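Asker: sequence isn't available, so here's the structure alone:
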Ligand code: ATP
């Protein structure tokens, strides 16, 4: 059994995490094997109220005993000061989760059909203030009217994320194309180094094509012909922005999953935030987190060569996509009027109707 940490998070977090755990419990029943033991961990606003920190040391210590984590969204826009660090950033950094994998795929109601690509975002460096130093912010205010920002790009992290991108492009169901997105015409050193490492990794994959784009033009191409792309690899902030744009092509953040992946640890985390405007209403779309959990089961299965986990991830994937493609049970963000719970119940119903070996 894998030990999975569970952080419910803020806003809609507890609603979608609870539903996902229910789906996994039923999945385990269906295949007749227990795969996961949950370790409840506190982070976010609830942790701040109880322990005076949004990321208590106890959570960090207990996470080290786990094989992976299901992380609910966090209201980081409310976090201020040194006792309110961003847990997501801390975890990505502490566990060296260098790749954030964000698949994007059309559903029948999407504005664009035939979209099926994955964004691989560098996850530990870049411009984000609390990610690129061990113990300091990377935004400075020498006086009250001036801000200086630093951006970190290393060869090692660039190569790591490029390797993940090529590995994914090499999978059976992919189009074998990697697109590097950068701004090396202006950010010559940082983006230049990133591009250089991607080109080096390409040498190990002669059968995979590589193209590259400037981020500004790419933001347009992605809307003009999104069906063309396969695996998109880019630096942290570009990836963050592009993946929200990409989610918009197919139906919004409610169906945008992500997996934070390192060598020895992975975190299932929906690409969206805590959506405070709909929190507590029971209408948040659980699909982004469910798909993220499916990716985590798949990662565990591959990492430990474990058939049960791979089987569970295959069944879960099939069940979620059948609900998305064939059912009218949809939350309001997708134009329906179903609740979070109804979507999960529908996924569970399909799980019981699918053959165990698919
Ligand atoms: P935060 O500050 O935590 O990032 P936010 O609302 O500014 O919260 P997101 O949570 O990423 O940013 O979401 C933006 C909008 O997308 C939300 O207001 C909501 O309308 C929609 N949204 C995001 N996630 C979901 C979801 N799981 N289900 C339904 N709608 C969602």
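Answerer: Received the coordinates, thanks. All figures in this text were calculated on a predicted structure; none of them were measured in a lab.
Asker: show the pLDDT at the residue nearest to residue 34 when sequence neighbours are not counted.
Answerer: Taking Cβ to Cβ, 6 or more residues apart in numbering as the measure, residue 34 lies nearest to residue 28, with 5.3 Å between them; neighbours along the chain are not counted. (C-beta placed from N, C-alpha, C; glycine too.) Confidence per residue is given as pLDDT, and for residue 28 that number is 96.
Asker: could you tell me how many residues sit around residue 28?
Answerer: 16 (other Cβ atoms under 10 Å).
Asker: what's the answer for the one 10 residues further on, then?
Answerer: Residue crowding around residue 38 was assessed by other Cβ under 10 Å; the count is 15.
Asker: what's the strand or helix carrying it packed up against?
Answerer: Taking DSSP states H and E as the criterion, the element that holds residue 38 is strand 36-41. In this structure, strand 36-41 packs against strand 2-7, helix 13-31, helix 57-63, with contacts taken as 3 or more Cβ pairs under 8 Å, 6 or more residues apart in numbering; DSSP states H and E.
Asker: possible to save those as JSON lines with distance to residue 130?
Answerer: Conversion of these to JSON lines gives the following (distance: least, Cβ to Cβ, whole Å):
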{"stretch": "strand 2-7", "distance to residue 130": "17"}
{"stretch": "helix 13-31", "distance to residue 130": "20"}
{"stretch": "helix 57-63", "distance to residue 130": "15"}
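Asker: the ligand is nearest to which of those?
Answerer: Proximity to the ligand (Cβ to the nearest ligand atom) singles out helix 13-31 among the helices and strands packed on strand 36-41, at 6.2 Å.
Asker: now do the domain split for this structure, please.
Answerer: Residue ranges for the domains of the chain, per automatic domain parsing: 1-109+253-358, 122-250.
Asker: got JSON lines for those domains, with distance to the ligand too?
Answerer: Putting these into JSON lines (distance: least, Cβ to the nearest ligand atom, whole Å) gives the following:
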{"stretch": "domain 1-109+253-358", "distance to the ligand": "2"}
{"stretch": "domain 122-250", "distance to the ligand": "7"}
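Asker: return the most buried member of those.
Answerer: The highest average neighbour count among the domains of the chain, using mean count of other Cβ atoms under 10 Å, belongs to domain 1-109+253-358 at a mean of 20.
Asker: and residue 119, that's in a strand?
Answerer: Yes. Judged by DSSP: H, G, I helix; E, B strand; the rest coil, residue 119 forms part of a strand.
Asker: so who does the residue nearest to it when sequence neighbours are not counted touch?
Answerer: Nearest-residue entry for residue 119: residue 102, 4.4 Å, with adjacent residues in sequence omitted and distances by Cβ to Cβ, 6+ apart. When contacts are counted by Cβ atoms under 8 Å, 6 or more residues apart in numbering, residue 102 touches 118, 119, 120, 121, 239, 243, 246, 256, 257, 258, 271.
Asker: repeat for residue 191
Answerer: Taking Cβ under 8 Å, 6+ apart as the contact definition, residue 191 lies against 153, 182, 183, 184, 235.
Asker: rerun at 7 Å
Answerer: 182, 183, 184, 235 (Cβ atoms under 7 Å, 6 or more residues apart in numbering).
Asker: where's it, which helix or strand?
Answerer: If you go by DSSP H and E, residue 191 is part of helix 190-202.
Asker: the helix or strand following that helix pairs with which strands, parallel or anti?
Answerer: Scanning forward in sequence from helix 190-202, with DSSP H and E defining helices and strands, the next element found is strand 209-214. Partner strands and pairing direction for strand 209-214 (DSSP bridges) are strand 177-182 (parallel).
Asker: from the chain's centre, how far out does the strand it pairs with sit?
Answerer: Mean-position distance between strand 177-182 and its chain equals 18 Å (Cα atoms, centre = their mean, to the nearest Å).
Asker: same question, stretch 340-358
Answerer: In terms of Cα atoms, centre = their mean, the centre of stretch 340-358 is found 22 Å from the chain centre.
Asker: which outside residues touch that stretch?
Answerer: The contact list for stretch 340-358, computed with Cβ under 7 Å, 6+ apart, reads 15-16, 19, 22-23, 26-27, 30-31, 282-284, 286-287, 290, 314-315, 318-320, 322-323, 327, 329, 331.
Asker: how does it look with 8 Å?
Answerer: Contact with stretch 340-358 is made by 15-16, 19-20, 22-23, 26-27, 30-32, 282-287, 290, 311, 314-316, 318-320, 322-323, 327, 329-331, 338, as judged by Cβ under 8 Å, 6+ apart.
Asker: just for the stretch 201-350 of the chain, where's the confidence low?
Answerer: Counting by pLDDT under 70, the stretch 201-350 of the chain contains no low-confidence segment.
Asker: all strands in it, in order from the N-terminus.
Answerer: In the stretch 201-350 of the chain, strands defined by DSSP state E, counting those that start in this stretch lie at 209-214, 231-234, 259-261, 266-268, listed in chain order.
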